[in-house]
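Peer 1: Based on what follows, work out the 3D shape:
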Amino acid sequence: MTPVPIPPSPRPATGPSAGATDPRRRVLLVTGLSGAGMSVALKALEDLGYESVDNLRLSLVPALVQQVESGNRPLAIVIDSRTRDFSSDAFLDQLEGLRRRPDLNVTLLFLECSDEVLQRRFTETRRRHPLALDRPVPDGIQRERALLAPLRDTADLSIDTTALSIHDLRRQLSGHFALNAEPGLLVSVLSFSFRLGLPREADLVFDVRFLTNPHWDPALRPLTGQDEAVARRVASDPDFPAFFTNLTGLLQPLLPRYNQEGKSYLTIAVGCTGGRHRSVYVAERLAAWLREVGVKTGLSHRDLERHSPRPG
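Peer 2: Residues are numbered from 1 along each chain as shown. Now for the predicted structure:
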């Protein structure tokens, strides 16, 4: 099988796509909605090798960057609405000042989440929203959305954590910000259930609900797309060979172009009704093909372990 040529990007490495060969020191500013996962993100970045600082006052950012310069260690800083002197305008001023420095590679990461999930997270943890200490949580969420809108619009990378587990968020952060990783595009293949919602992190989405559904065979229903019997059933669909050939034929010329545009992390989502049979098998086949042609590839099945009484 012919490898997919992934040429080096002609652009200077900036933002989340900067690779291990970038001589500049990486500074990652993390902000977003309260409850969207900033604490998890900071811990994940610390595990990746970043020097991590939480809830830093904006006025102290330049001094902190200056203090840790000598070690050249990458720095991750969470700055959010909890900070006493926080404002979007002041944040953007600090960001612009850091980006003017030729020795720094500065990235702004924004974490967001749906109102419903944010409210549930605050309710479950019995925490008060930092912008609604004496008011209902929804009021704080809406106030914070308005406050942070300029930062969301300016961010180099935005991650929606609504449907992400802690493991999923850590995996995405590793894909974007891992240190000493080989340069080049990393592709994540994800299977999912349309019934449970589109994965918001997906760059490309493919619907395989047209394929033969093993759910209707009582012997195959309890199995998954990782089982040989299910794999044979899906692959026996007369339209599968042409579909898979066309799918790989579509992706083969796209991947080098994504890399040339400076994209370091691409998520391809494959969906069916229940996220257990057809999408899982196709995702497994697609990930195998990507690895065979020399593309760095990760694979996960978002809804495989969820109880799914409906067709899969």
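
Peer 1: In this protein, where is pLDDT below threshold?
Peer 2: Residue ranges of the chain with pLDDT under 70: 1-22, 68-72, 180-183, 307-312.

Peer 1: Domains of it: list them as residue ranges, please.
Peer 2: Following the assignment in automatic domain parsing, the chain carries domains at 20-177, 186-301.

Peer 1: Turn these into JSON lines, including mean neighbour count.
Peer 2: In this view, the C-beta of every residue, glycine as well, is placed from N, C-alpha and C. Shown next, in JSON lines, are the domains of the chain (neighbours: other C-beta atoms under 10 Å):
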{"stretch": "domain 20-177", "mean neighbour count": "17"}
{"stretch": "domain 186-301", "mean neighbour count": "19"}
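
Peer 1: Give me the nearest residue to residue 119, chain neighbours excluded.
Peer 2: Take residue 119 and drop its neighbours on the chain: the residue closest to it by C-beta to C-beta, 6 or more residues apart in numbering is residue 137, 5.3 Å away.

Peer 1: ok now do the one you found, which residues does it touch?
Peer 2: Going by C-beta atoms under 8 Å, 6 or more residues apart in numbering, residue 137 touches 118-119, 122-123, 128-129.

Peer 1: Mind checking which of these land in helices?
Peer 2: Using DSSP state H, the members of the contacts of residue 137 that fall in helices are 118-119, 122-123.

Peer 1: Make a markdown table from the residues you listed and add distance to residue 24 to it.
Peer 2: As requested, these are arranged in a markdown table below (distance: C-beta to C-beta, whole Å):
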| residue | distance to residue 24 |
| --- | --- |
| 118 | 35 |
| 119 | 40 |
| 122 | 38 |
| 123 | 43 |
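
Peer 1: Greatest separation within these: which pair is it?
Peer 2: For the ones in helices among the contacts of residue 137, the farthest-apart pair by C-beta to C-beta is 118 and 123; their separation is 9.7 Å.

Peer 1: What about residue 157? Give its phi and psi, please.
Peer 2: Main-chain dihedrals, residue 157, degrees, to the nearest 10: phi -150, psi 130.

Peer 1: That one and residue 29, how far apart?
Peer 2: As judged by C-beta to C-beta, to the nearest Å, residue 157 and residue 29 stand 11 Å apart.

Peer 1: Show me whatever sits in contact with both of these two.
Peer 2: Common neighbours of residue 157 and residue 29 are listed as 107-109 (criterion: C-beta under 8 Å, 6+ apart).

Peer 1: Let's see which of those residues end up in helices.
Peer 2: Within the shared contacts of residue 157 and residue 29, no residue falls in helices by DSSP H.

Peer 1: mind listing which of these are in strands?
Peer 2: 107-109 (DSSP state E).

Peer 1: Confirm that residue 167 sits in a helix.
Peer 2: Yes: using DSSP: H, G, I helix; E, B strand; the rest coil, the secondary structure at residue 167 is a helix.

Peer 1: how close does it get to residue 161?
Peer 2: 12 Å.

Peer 1: Nearest spatial neighbour of residue 221, chain-adjacent residues omitted?
Peer 2: Nearest residue to residue 221, sequence neighbours excluded (C-beta to C-beta, 6+ apart): residue 215, at 5.5 Å.

Peer 1: Please report the distance of the one you found from residue 223.
Peer 2: As for residue 215, its distance to residue 223 is 10 Å (criterion: C-beta to C-beta).

Peer 1: Now list whatever residues contact both of those two.
Peer 2: residue 277.

Peer 1: Which stretches in this protein count as helices?
Peer 2: 38-48, 61-67, 88-99, 115-125, 137-154, 166-177, 228-235, 240-260, 278-292.
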